[in-house]
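**Student:** Quick one, what's the 3D model for this:
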Amino acid sequence: MDIDKALNVEELRGRFLKYTRRAYGLLPSPEQPRILEIGCGLGQQAMELARLSGGKVVAIDIDPYMVSRLQRMDGYG
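**Tutor:** Down below sits the predicted model:
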């Protein structure tokens, strides 16, 4: 059994996007933002930060499966 599916983890992570948006709104706005997300999982927050900032986002995770899923979702895999 896939525990992430059983717990509906993707939907849960999506619910946290409002907090990502709020936190980003508290930051100063650099001209050329560069963001590093460590432990990105499926990268929902990383993709939202890229959309909000228009800058470069590097997302890393220790789980190669999660990274490969993120790359496929974003068109890089």
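**Student:** Please spell out the segments of this structure that come in under the pLDDT threshold.
**Tutor:** Within the chain, the segments meeting pLDDT under 70 span 1, 3-4, 7, 74-77.
**Student:** Now do the strands in it.
**Tutor:** Taking DSSP state E as the criterion, the chain contains strands spanning 34-38, 56-60.
**Student:** Using neighbour counts, pick out the buried residues of the last one.
**Tutor:** Burial within strand 56-60, assessed by neighbour count using 16 or more other CB atoms under 10 Å, is assigned to 57, 59. Any C-beta I mention is one placed from the backbone N, CA and C, and that applies to glycine too.
**Student:** residue boundaries of the helices in the chain?
**Tutor:** 3-7, 9-15, 17-26, 44-53, 64-74 (DSSP state H).
**Student:** which of those helices sits most buried?
**Tutor:** helix 44-53 (a mean of 19; mean count of other CB atoms under 10 Å).
**Student:** quick check: angle from it to helix 17-26?
**Tutor:** Helix 44-53 runs at 40 degrees relative to helix 17-26, counting by axes from the mean of the first three to the mean of the last three CA atoms, to 10 degrees.
**Student:** which residues are contacting helix 44-53?
**Tutor:** Here helix 44-53 makes contact (CB atoms under 8 Å, 6 or more residues apart in numbering) with 10, 13-14, 16-17, 20-21, 24, 33, 35, 37, 40, 56-57, 59, 70, 73-74.
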